[in-house]
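[1] Show me how the following folds:
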Amino acid sequence: MKKTHHKKNGSTVICAVLTLLIVSLIGATVLFNCTTRYNASSKQVKGWNEALYAAEAGADVAFAEVRKIVSNGSTFSSTFVSSDGWTVAAAPTPGPAYSNFYLTSTRPIYLGQNNSLKANVTVDKVTSTNGFDCYRIRSVGIATLFGLSRTGMDDKLLGTADTTSHFSASGITRGSGDSLLRKIDFTYDHFLATYGDGDGNGKQIQTVSNPQVTRRIETVAVPQWAFTGALKATGSFNGPGSAGQIDSYDSINGAYPGAGVASDPSNPLYKYATGGDVSVGSASFTEGGAIYGNLTTNGGNATHSNTSVSGTIDNNVPFSLPPLLKPDTTSYNTGSGGTLNVPTGTSASNPAKYVYSSLSGGLTINSQNVASGLPNAGSPAETYVTIVVNGDLGGTITINKGVNAKIYFTGTLSMKAKDIVNNNVDAATGVYYADGTASTDYSRAGHLQFYGISPTDGSEQTISIGPPGSLWATFYAPSANFSMTGNPQVYGAIAVEDFTGNGNTGFHYDKEIAALGGIPIDYQVASYIEDIR
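    Predicted structure coming up:
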C-alpha cells in the first residue's frame with residue numbers, strides 16, 4: 001500500500017518569520033528607547049559643557065570691562081556704560097562677607113547657534129585694598145535644551161519628604177539624578193527660587209521659556225600693583241652705579257642695615273636683602289654694579305657669566321606699564337604757598353586733595369596730631385594728602401612725620417637727593433593712627449610717592465636725581481627717563497620707562513612697599529569658583 005507524505009516546510013518558514021518579526025519588534029523598541037535616552041542624555045551633556053563655556057565667556061567680557069578702569073583711567077560706573085549693553089541693577093543687601101555694594105551692572109550675552117547659549121553677568125564692588133576697589137564677577141551660563149523635556153535614567157529624590165515621585169521635588173529636596181547633577185530647569189529657575197541672587201536676596205518663582213542647563217561661576221578681580229618688584233623699566237636699563245648695588249630690606253625691622261648684608265648669608269637679615277628684583281621690558285640691559293635679586297628681560301642676553309646677578313635670570317618675560325593719566329582735579333582745593341597743613345579726618349581712601357600750578361619753589365607738608373584725650377595725644381598721626389602739580393617739581397620738598405603724600409606731576413623732576421626730605425622713619429617708630437594706636441605703616445619710603453603723568457604728546461618725561469644725599473620715596477612714571485648720577489642712594493621702589501644709574505649710585509627696595517601697592521597697573525583674577533548649588 002502506498003503512503004502519502006505531507007511536507008511541513010511552509011509552517012517552518014512562517015514560524016521563522018514570526019520569530020524574526022517579534023525579535024525585530026523587541027530590538028526596535030529597545031533601540032528606540034536607547035536612542036531616545038541617548039539623544040536626551042547627549043543633549044544634556046552637550047548643554048552641561050556649553051553652559052560652562054557661556055559662563056566663562058561672560059566672565060571674560062566683564063573682566064575686560066574691569067581692566068578698562070586702569071587702561072582708560074575710568075571709573076567703575078563710567079566703564080560699564082549703557083552703550084555697551086550694560087544696565088544698572090539694584091544693589092543687593094550686603095552679606096556678612098562683603099563690606100560695600102555701590103553699583104551693579106547686568107549684561108545679557110548671547111552665544112551659540114540660534115542664541116542657544118546665554119550668559120547673565122553681574123559685577124559689583126565688594127571691598128577695597130590700599131584704597132583701590134576689588135570687583136566680584138558672577139556669571140550664569142545658560143544652555144537651552146531643545147526637544148521633549150526628559151530626564152536621565154536616574155532622577156530619584158533624596159530625603160524623606162517625597163520618596164515616590166521621580167522628578168517633582170518637594171520644598172525640602174531636589175532630584176538626586178541627572179536634573180540635579182546637570183542643573184536642568186524644566187519649568188522653573190531652581191536657583192532663583194532657592195538662593196535668589198546667590199546671597200539669599202530676591203528669591204522668587206520664575207518660569208523658564210525652555211528647558212535649560214545652568215552653571216554659575218564667580219571670580220574676584222583685584223588690582224595688580226606697580227610696586228611688586230624693586231625696579232621695573234619697560235625700555236632700557238643701565239645700572240646701578242659701578243660702585244653701587246641693588247638689593248632689598250624690610251622696614252618692619254627698622255632702617256636699611258647696610259650694603260654688606262646682601263652678601264653675608266650668616267647675617268640674620270640676609271633673607272630680606274636679596275629681593276632687589278629687576279624687570280626690563282626690552283632687550284636693552286646693561287649692568288653696572290651687583291644686583292642682589294632676580295633679573296628678567298624681554299629678549300636680552302644676560303647670563304650669570306656676564307652679569308653679577310645673585311638670583312635667577314629669565315630673558316623671555318615681556319611686560320608693560322600702562323600710561324598714567326592725570327587725575328580729575330575738579331574737586332581739588334587750590335594749593336598755594338610753601339607750607340601745607342593737612343586737615344584732620346583724612347584716610348588712605350579719602351585723602352586731602354590739592355592742585356598746584358607748579359612746585360618749583362618747594363613745599364613743606366605737616367601732619368595732624370593725635371587729639372587730646374586719646375592715647376599718645378599730641379604725637380604725629382598718619383595723615384593722607386594727594387597733590388597734582390601742573391608743571392615741574394623743584395626746590396625742596398619736605399614731608400614731616402606722619403605725612404603720607406602722593407604727588408602727581410606733569411613736567412620734569414630735577415632735584416638733589418638731599419632736597420627730597422622725608423622725615424618719617426622706618427618701622428613707624430613714634431607715629432600713630434588718629435585713634436592713638438601704633439601705626440603699622442612701617443615703610444618710610446612708602447610715605448612719599450611720586451607719580452609722573454604721561455605726556456599726552458607721547459614724549460618722554462625726565463626724572464633726574466643728583467648728589468649729594470639719600471632719599472626715601474617711590475617713583476611710578478611709566479613714560480619717564482629716570483637717571484641717578486654721582487653718589488645718591490634711593491630707598492623705595494621704582495617703575496619707569498628707562499633707568500640709568502652711574503657712579504656709586506645704589507638702590508634699595510623696601511619689601512614693605514609691596515603691601516602698600518602704590519597704584520594699580522592692571523587687574524588680575526584672584527579666585528575662581530563654580531557655584532554648584
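[2] from the middle of its chain, how far away would stretch 258-274 be?
    Relative to its chain's centre, stretch 258-274 lies at 32 Å (C-alpha atoms, centre = their mean, to the nearest Å).
[3] all helices for the protein, in order.
    9-71, 76-79, 178-181, 190-195, 513-516 (DSSP state H).
[4] Only the C-alpha atoms, please, for the last one, written as PDB.
    Translated: helix 513-516. Output of helix 513-516 as PDB, limited to C-alpha atoms (Å, rounded to 0.1, in the frame of the first residue of the first chain):
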ATOM      1  CA  ILE A 513      56.100  98.600  49.800                       C
ATOM      2  CA  ALA A 514      54.600  95.500  48.200                       C
ATOM      3  CA  ALA A 515      51.900  95.700  50.800                       C
ATOM      4  CA  LEU A 516      51.200  99.400  50.000                       C
END
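[5] how far out from the middle of the chain is that helix?
    15 Å.
[6] packing partners for that helix?
    Contacting helix 513-516 under the criterion 3 or more C-beta pairs under 8 Å, 6 or more residues apart in numbering; DSSP states H and E is no other helix or strand. Backbone N, C-alpha and C define where each C-beta goes, glycine included.
[7] what's that helix in contact with?
    Asn130, Trp225, Phe227, Thr228, Asp441, Ser443, Ala445, Gly446, Thr474, Gly492, Ala493 (C-beta atoms under 8 Å, 6 or more residues apart in numbering).
[8] Where does confidence bottom out across those residues?
    Lowest pLDDT among those: Asn130, with 70.
[9] thinking again about what came up before, who wins on neighbours among the contacts of helix 513-516?
    Comparing these by number of neighbours (other C-beta atoms under 10 Å), Ala493 comes first, having 32 neighbours.
[10] That one contacts Leu231, doesn't it?
    Yes - counting by C-beta atoms under 8 Å, Ala493 touches Leu231, with 7.4 Å between them.
[11] Common neighbours of these two, please.
    Tyr509.
[12] neighbours around Gly338, how many?
    The tally of other residues near Gly338 (other C-beta under 10 Å) stands at 12.
[13] quick one: contacts for it?
    Gly361, Gly362, Leu363, Thr364.
[14] If we use 10 Å, what do you get?
    Leu359, Gly361, Gly362, Leu363, Thr364, Gly395, Thr396, Thr398 (C-beta atoms under 10 Å, 6 or more residues apart in numbering).
[15] So which of the residues you listed are in strands?
    Among the contacts of Gly338, DSSP state E puts Leu363, Thr364, Thr398 in strands.
[16] got the contacts of helix 513-516 as TSV, with distance to Ser71 columns?
    Listed next are those as TSV, based on distance: C-beta to C-beta, whole Å:
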residue	distance to Ser71
Asn130	19
Trp225	15
Phe227	19
Thr228	18
Asp441	29
Ser443	28
Ala445	27
Gly446	25
Thr474	21
Gly492	25
Ala493	22
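[17] residue contacts, Tyr135?
    62-63, 65-66, 69, 76, 123-127, 219-223, 523.
[18] Looking at it now. What's its pLDDT?
    87.
[19] And for Thr462?
    On pLDDT, Thr462 comes in at 96.
[20] and the gap between it and Phe499?
    With the distance defined as C-beta to C-beta, to the nearest Å, Thr462 ends up 12 Å from Phe499.
[21] Which one of those two is surrounded by more residues?
    Phe499 (27 against 17).
[22] Now the more buried one: closest residue in space, sequence neighbours ignored.
    Spatially, and ignoring its direct neighbours in sequence, Phe499 is nearest to Ala233 (4.3 Å; C-beta to C-beta, 6 or more residues apart in numbering).
[23] Just give me the neighbour total for the one you found.
    28.
[24] quick one: it and Leu295, what's the gap?
    11 Å.
[25] Pull up the overlap in contacts between these two.
    In terms of C-beta under 10 Å, 6+ apart, Ala233 and Leu295 are both contacted by the residues Val278, Ser279, Val280, Phe285.
[26] who are the neighbours in contact with the last one?
    By C-beta under 10 Å, 6+ apart, the residues touching Phe285 are 233, 236-239, 278, 295-302, 307, 313, 315.
[27] try 8 Å
    Counting by C-beta under 8 Å, 6+ apart, Phe285 touches Ser236, Phe237, Leu295, Thr297, Gly300, Ala302.
[28] And for the second one?
    For Ser279, the contact set (C-beta under 8 Å, 6+ apart) comprises Gly229, Leu231, Lys232, Ala233, Leu295, Thr296, Val317, Phe319.
[29] Next, please give the residue ranges for the strands of the stretch 51-200 of the chain.
    87-89, 104-111, 117-129, 132-144, 184-185 (DSSP state E, counting those that start in this stretch).
[30] average pLDDT for the second one?
    When pLDDT is averaged over strand 104-111, the result is 51.
[31] same check, this time on the third one
    This predicted structure assigns strand 117-129 an average pLDDT of 81.
[32] Please tell me how far Asn238 sits from Gly281.
    Distance of Asn238 to Gly281, computed by C-beta to C-beta: 14 Å.
[33] So the two - more neighbours on which side?
    More crowded of Asn238 and Gly281, by other C-beta under 10 Å: Gly281, with 21 against 16.
[34] May I have the phi/psi pair for the residue nearest to the more buried one when sequence neighbours are not counted?
    Once flanking residues are discounted, Gly281 sits nearest to Thr234: 3.8 Å by C-beta to C-beta, 6+ apart. For Thr234, the backbone dihedrals are phi -70, psi -20 (criterion: degrees, to the nearest 10).
[35] And the pLDDT at Thr234?
    In this model, Thr234 carries a pLDDT of 95.
[36] wait, doesn't it sit right on Pro322?
    No - in this structure, Thr234 is not within contact of Pro322 by C-beta under 8 Å, at 10.2 Å.
[37] Now for these two: what residues contact both?
    Joint contacts of Thr234 and Pro322 (C-beta under 8 Å, 6+ apart) are Pro478.
[38] which of those two has more neighbours?
    Set Thr234 next to Pro322 and count neighbours by other C-beta under 10 Å: Thr234 wins out with 21 against 17.
[39] tell me the contacts of the more buried one?
    Val280, Gly281, Ser282, Phe319, Ser320, Leu321, Pro478, Val496, Glu497.
[40] out of these, who's nearest Thr485?
    Val496 (15.3 Å; C-beta to C-beta).
[41] Leaving out chain neighbours, which residue sits closest to that closest one?
    In space, Val496 is closest to Phe482, 4.2 Å off (C-beta to C-beta, 6+ apart).
[42] Can you lay out the strands of the stretch 51-200 of the chain as TSV showing distance to Val403?
    Formatted as TSV, the strands of the stretch 51-200 of the chain follow (distance: least, C-beta to C-beta, whole Å):
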stretch	distance to Val403
strand 87-89	39
strand 104-111	37
strand 117-129	22
strand 132-144	21
strand 184-185	58
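[43] mind checking which of those is nearest Thr346?
    Judging the strands of the stretch 51-200 of the chain by C-beta to C-beta, what sits closest to Thr346 is strand 117-129, at 15.9 Å.
[44] now for the closest one, which elements pack on it?
    helix 9-71, strand 104-111, strand 132-144, strand 212-225.
[45] do that again at 6 Å, thanks
    Strand 117-129 is packed against helix 9-71, strand 104-111, strand 132-144, with contacts defined by 3 or more C-beta pairs under 6 Å, 6 or more residues apart in numbering; DSSP states H and E.
[46] Give me whichever of those is most buried.
    Of all the helices and strands packed on strand 117-129, strand 132-144 carries the top mean neighbour count, a mean of 23, counting by mean count of other C-beta atoms under 10 Å.
[47] Any idea how far that strand is from the middle of the chain?
    Worked out by C-alpha atoms, centre = their mean, strand 132-144 lies 14 Å from the chain centre.
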